[in-house]
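Participant: take this sequence and fold it.
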Amino acid sequence: MKGSALIRWQGHPLELLPERAVWIPQQRLLLLADLHLGKAETFQAHGIPLPSDGDLGNLNRLLALANALQPEQVLVLGDLIHSRVGLTAELREKLAALPDLLGCPLGLIGGNHDRGSWIAGLEARTSLASGVWWLSHEPEAPPDAHGLNLCGHIHPVAVLGRGPDRLRLPCFALDQHQQRLMLPAFGELTGGHPVGADLDRWLIADGQVLALGRS
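Facilitator: Reported below is the predicted structural model:
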């Protein structure tokens, strides 16, 4: 796709998308992590005013991406929702309609924020293997010595510059030693955690995925 970056692991291609998702072309599998749907409603329940239109923007971005790629499956690597408090009847209806709107099955690997929540037709699964990829929410060691763990949870960002000119940009972060690729959070209201410059990083800026590398 436009603005994406293609990388390979043991000869297998992965496409890093500026929409903060990963496309596995050989399996026509679209991966994303950490949507944190219902976060605004969770904060509102605790007296913190946040606008409630964030979920619609996140879901519309997902639908546009699925329309462009036509995946055979969309798999969320955890934290689809932010909490049970934010899982309103309206959000349940939107999630129930998602597979039909996506045009393919929707799967979920359960994250820490998904625990204790039940969503009709969407059973949270544990970590699983898909070819050379080990798919999980939190970082895990792949059981295959040649595999690569694709995970969420961390919400990686790269910090560029210093002082008032400092930028925090979402990024993909590859730890060669740990055999792990961390996906940026797909959701808008998620924040981020800086990752070290000793990792290979791909920044997301101006609708492009840009290789930063290590320093």
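Participant: which elements pack onto the host helix or strand of residue 67?
Facilitator: Per DSSP states H and E: residue 67 is located in helix 54-69. For helix 54-69, the packing partners by 3 or more Cβ pairs under 8 Å, 6 or more residues apart in numbering; DSSP states H and E come out as strand 29-32, helix 39-45, helix 89-102. Every residue, glycine included, has its C-beta placed from N, CA and C.
Participant: contacts made by that helix with the rest, please.
Facilitator: Under the criterion Cβ atoms under 8 Å, 6 or more residues apart in numbering, residues 1, 17, 19, 21, 23, 28, 30, 32, 35, 37-40, 74, 91, 94, 98, 101-104, 186-189 lie in contact with helix 54-69.
Participant: repeat that for stretch 124-142.
Facilitator: Outside stretch 124-142, the residues that reach it (Cβ under 8 Å, 6+ apart) are 9-10, 12, 24, 26-27, 29, 31, 33, 75, 77-79, 107-112, 114, 143-144, 146-154, 178-180, 182.
Participant: and with 6 Å instead?
Facilitator: 10, 12, 77-78, 108-111, 114, 147-153, 179-180 (Cβ atoms under 6 Å, 6 or more residues apart in numbering).
Participant: buried ones among those residues?
Facilitator: Burial by neighbour count, judged by 16 or more other Cβ atoms under 10 Å, picks out 12, 77-78, 108-111, 114, 147-153, 179-180 from the contacts of stretch 124-142.
Participant: which of those residues fall in strands?
Facilitator: Residues of the buried ones among the contacts of stretch 124-142 located in strands (DSSP state E): 12, 108, 109, 148, 149, 150, 151, 180.
Participant: shouldn't the fourth one be in contact with residue 179?
Facilitator: Yes. With contact defined as Cβ atoms under 6 Å, residue 148 counts as touching residue 179 (5.4 Å).
Participant: helix or strand with the lowest mean pLDDT in this protein?
Facilitator: Sorted by mean pLDDT, DSSP states H and E, the helices and strands of the chain end with helix 39-45, the least confident at a mean of 48.
Participant: so where is this structure shaky, pLDDT-wise?
Facilitator: 39-54, 82-86, 113-114, 116, 118, 163, 190, 213, 215 (pLDDT under 70).
Participant: residue nearest the centroid of it?
Facilitator: residue 33 (2.2 Å; Cα atoms, centre = their mean).
Participant: any idea how far residue 179 is from the residue found closest to that residue once you drop the neighbours it is linked to in the chain?
Facilitator: Distances taken as Cβ to Cβ, 6 or more residues apart in numbering put residue 152 closest to residue 33, at 2.6 Å, once the chain neighbours are dropped. As defined by Cβ to Cβ, to the nearest Å, residue 152 lies at a distance of 16 Å from residue 179.
Participant: which residues touch the residue nearest to residue 33?
Facilitator: 33, 34, 77, 78, 137, 183.
Participant: how far away is it from residue 204?
Facilitator: 15 Å.
Participant: same check on residue 128?
Facilitator: 26 Å.
Participant: who's more crowded, the two?
Facilitator: residue 204 (22 against 12; other Cβ atoms under 10 Å).
Participant: hmm, residue 75 and the residue nearest to the centre of the chain touching each other?
Facilitator: No. Between residue 33 and residue 75 there is no contact under Cβ under 6 Å: 9.4 Å.
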